[in-house]
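>>> how would this look folded up:
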Amino acid sequence: MKSFLTELKRRDVYKVAAAYVVVAWLLIQVATQVFPFFEIPNWAVRLVVLGLALGFPVALILAWTFELTPGGIKRAEEVEPNESIPPRSGRKLVGITVALAIVASGLFAFRFL
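Numbers count the residues shown, from 1 in each chain. This next block holds a predicted model:
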């Protein structure tokens, strides 16, 4: 079990999951705010939510299968552990995710205040 969790961390699956959840939540918030303004029916918002929910497992599978390297995207089996993206790039991904989470939280707070 420990090696599985280590492999999840090495392949950045948890980072993809966190980024997907933050971006999906932000898109849902935008859809619920903007769609009524343009008189788009409520079923369209439900369709956005359903599409994002169905896309989550697909994103995790793609994150497990492929890996980002300095040479581009490659299958995970073809990449040695030391060929992965450098930690600096990983930190950029985390920083972008945190920034999006802050923006989404601000929109959420703005909606209820």
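>>> how much space between Asn42 and Arg11?
38 Å (Cβ to Cβ, to the nearest Å). To be clear about C-beta, it is placed using only N, CA and C from the backbone, and glycine gets the same treatment.
>>> Among the two, which residue is more densely surrounded?
Arg11 (20 against 10; other Cβ atoms under 10 Å).
>>> spatially speaking, which residue is in the middle of the protein?
The centre of the chain sits closest to Tyr20, judged by Cα atoms, centre = their mean, with a distance of 1.9 Å.
>>> Can I take it that Leu68 is in a strand?
Yes. Counting by DSSP: H, G, I helix; E, B strand; the rest coil, Leu68 is part of a strand.
>>> helix/strand/coil for the residue of the chain most remote from its centre?
The centre of the chain is farthest from one residue, Glu39, which by Cα atoms, centre = their mean lies 28.5 Å away. When classified by three-state DSSP, Glu39 comes out as coil.
>>> now swap in Ile73 and tell me
strand.
>>> For Ala101, see how far away it is.
25 Å.
>>> Could you do Gly95 as well?
Gly95 sits 11 Å away from Ala101, going by Cβ to Cβ.
>>> between Ile73 and Ala101, who's got more neighbours?
Set Ile73 next to Ala101 and count neighbours by other Cβ under 10 Å: Ala101 wins out with 17 against 10.
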